[in-house]
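Asker: The sequence and its predicted three-dimensional model are supplied below.
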Amino acid sequence: MDADIVVIGGGPVGMVAALYAARAGLSVVVLEPRPAPHDKACGEGLMPGALLALHDLGVDPPGRALRGIEYIDGRRSVSADFSGPAGRGVRRTALHQELRAALEIAEISVIPGTAAGVEQDADSVQVVISGSKQGLVCRYVLAADGLHSPTRRRLGLQAKAPSVRRYGLRQHFRVAPWNDCVEVYWAASAEAYVTPVAEDVVGVAVLTTRRGAFDEHLADFPHLAERLTGATPASDILGAGPLAQRVTSRVCGRILLVGDAGGYVDALTGEGLAVGFAQAEVAVQAVLLDRPAAYPRWAQKVTWRSTALTRGLLVATQPTWGRRVTLRAAVAMPGAFRAAVSVLARS
Ligand SMILES: Cc1cc2nc3c(=O)[nH]c(=O)nc-3n(C[C@H](O)[C@H](O)[C@H](O)COP(=O)(O)OP(=O)(O)OC[C@H]3O[C@@H](n4cnc5c(N)ncnc54)[C@H](O)[C@@H]3O)c2cc1C
């Protein structure tokens with residue numbers, strides 16, 4: 001056996017899973033093809049639950065404190081603070097570096113390589129590594145290989161995705177943040193998220209069903225575009241999608257899918273990392289207790305609230321009129337909006 005656990009994918013969820021595993025006394029290695037640090041299309045808002053999980057593991061990434069969430073549609077705006085501790089806007093590259101440093105301290109090896117297959121029997125799993133004659137043999141695999149998880153596809157766990165396809169694009173701008181909330185701007189068929197990530201940088205992520213250039217999408221948000229006038233871009237444009245990914249199960253024998261690999265609803269509520277970290281923790285518990293079959297139920301238990309909120313909001317805001325009604329309702333019922341934001345804070 002090379003290790004108790006091989007984590008396929010050294011993104012944030014894979015690395016957090018490895019840290020949980022090491023803390024539980026399990027031997028673990030991470031298989032990841034890309035050199036550090038990784039950048040990725042992301043809104044970069046760490047919800048309070050995600051930040052708490054990182055702190056619990058001794059990881060404290062640099063960034064800008066987030067007080068809450070503000071919805072804006074040009075005419076109206078409504079904000080709600082997180083009920084407990086703050087969240088944090090953190091560049092993905094910074095998050096990656098901090099997690100890699102934590103892995104080093106925990107003496108967890110990151111093996112450069114791509115998983116090209118997984119074969120399992122009753123007691124073990126063999127991970128085939130692309131271009132290498134030698135694979136890795138372990139008791140369990142945690143597949144954290146992202147939104148389009150090759151492991152998920154190989155195992156036949158991919159389910160039919162919804163017909164509405166949404167995509168995300170992001171870019172950073174060098175400008176002093178003007179708000180300590182994540183701002184969500186609503187247009188007819190897209191949303192733009194502004195997350196402060198440093199004293200002089202904000203990230204802008206656009207979620208949309210329409211394919212198009214980042215600047216074209218930004219033009220749908222005149223108030224935001226005005227704010228960004230004269231600000232220099234501080235990163236390349238990155239994209240991701242289609243966002244919605246469904247699975248038939250999050251487990252197949254000794255292989256457990258965690259993070260985006262285990263299915264994804266949407267980036268609408270910015271809770272992907274919090275959800276992924278929570279799944280990573282219960283996946284490690286399932287391995288520790290030799291109860292992989294219990295993992296999907298435990299994962300569901302720790303994430304259903306935020307998943308239900310994201311699903312509900314997605315359905316409600318699909319038609320243009322639904323967007324108007326949602327924002328009006330949030331303005332008219334700030335208590336309900338605060339309750340929704342507190343769900344995100346806990347996730
Ligand atoms: C536009 C957008 C905005 C978002 N905004 C937010 C936000 O504000 N807050 C938030 O919490 N979440 C947000 N999310 C979601 C968040 O980005 C994801 O939930 C998160 O990145 C999931 O992490 P992960 O580790 O599961 O996957 P990833 O970060 O995708 O990492 C997967 C890793 O697996 C590796 N890999 C892939 N294939 C293989 C293979 N065959 N072998 C080995 N390794 C492999 C990849 O190289 C990668 O490093 C957003 C997403 C999008 C698209």
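Answerer: Looks like it came in fine.
Asker: lowest-pLDDT helix or strand in this protein?
Answerer: Sorting the helices and strands of the chain by mean pLDDT, DSSP states H and E puts helix 334-346 at the bottom, at a mean of 72.
Asker: where does the residue of the chain most remote from its centre sit relative to the ligand, distance-wise?
Answerer: Most distant from the centre of the chain: residue 133, at 32.9 Å, with distances by Cα atoms, centre = their mean. Going from residue 133 to the ligand by Cβ to the nearest ligand atom, to the nearest Å gives 17 Å. Every C-beta, even on glycine, is put in place using the N, C-alpha and C of the backbone.
Asker: ok now the least confident helix or strand of the chain, how far from the chain's centre?
Answerer: Taking Cα atoms, centre = their mean, to the nearest Å, the mean C-alpha location of helix 334-346 is offset from the chain mean by 19 Å.
Asker: So is it next to the ligand?
Answerer: No. Using Cβ under 6 Å from any ligand atom, helix 334-346 never reaches the ligand; the gap is at least 9.5 Å.
Asker: SS state for residue 285?
Answerer: helix (DSSP: H, G, I helix; E, B strand; the rest coil).
Asker: Okay, the spatially closest residue to it that is not a sequence neighbour and residue 92: tell me how far apart.
Answerer: Leaving aside its sequence neighbours, residue 285 sits nearest to residue 298 (Cβ to Cβ, 6 or more residues apart in numbering; 6.9 Å). Separation of residue 298 from residue 92 (Cβ to Cβ, to the nearest Å): 27 Å.
Asker: of these two, who's got more company?
Answerer: Neighbours of residue 298 and residue 92, each counted by other Cβ atoms under 10 Å, are more numerous for residue 92; the result is 24 against 18.
Asker: Would you confirm that that one contacts residue 42?
Answerer: Yes. The criterion here is Cβ atoms under 8 Å, and residue 92 meets it with residue 42 at 5.3 Å.
Asker: Point me to the residue of the stretch 101-250 of the chain nearest the ligand.
Answerer: With Cβ to the nearest ligand atom as the measure, residue 168 is the residue of the stretch 101-250 of the chain nearest to the ligand, at 2.4 Å.
Asker: Okay, buried residues for the helix or strand harbouring that residue please.
Answerer: Element membership of residue 168 [criterion: DSSP states H and E] is strand 167-174. Buried residues in strand 167-174, defined by neighbour count with 16 or more other Cβ atoms under 10 Å: 167, 168, 169, 170, 171, 172, 173.
Asker: Between helix 334-346 and the next helix or strand after that strand, find me the angle.
Answerer: As assigned by DSSP H and E, the chain's next helix or strand after strand 167-174 is strand 181-186. Interaxial angle, strand 181-186 versus helix 334-346 (axes from the mean of the first three to the mean of the last three Cα atoms, to 10 degrees): 120 degrees.
Asker: now check strand 181-186, is it near the ligand?
Answerer: No. Strand 181-186 is not in contact with the ligand by Cβ under 6 Å from any ligand atom; minimum separation 7.1 Å.
Asker: That strand pairs with which strands, parallel or anti?
Answerer: Sheet pairing for strand 181-186, assigned by DSSP bridges, gives strand 68-72 (parallel), strand 190-198 (antiparallel).
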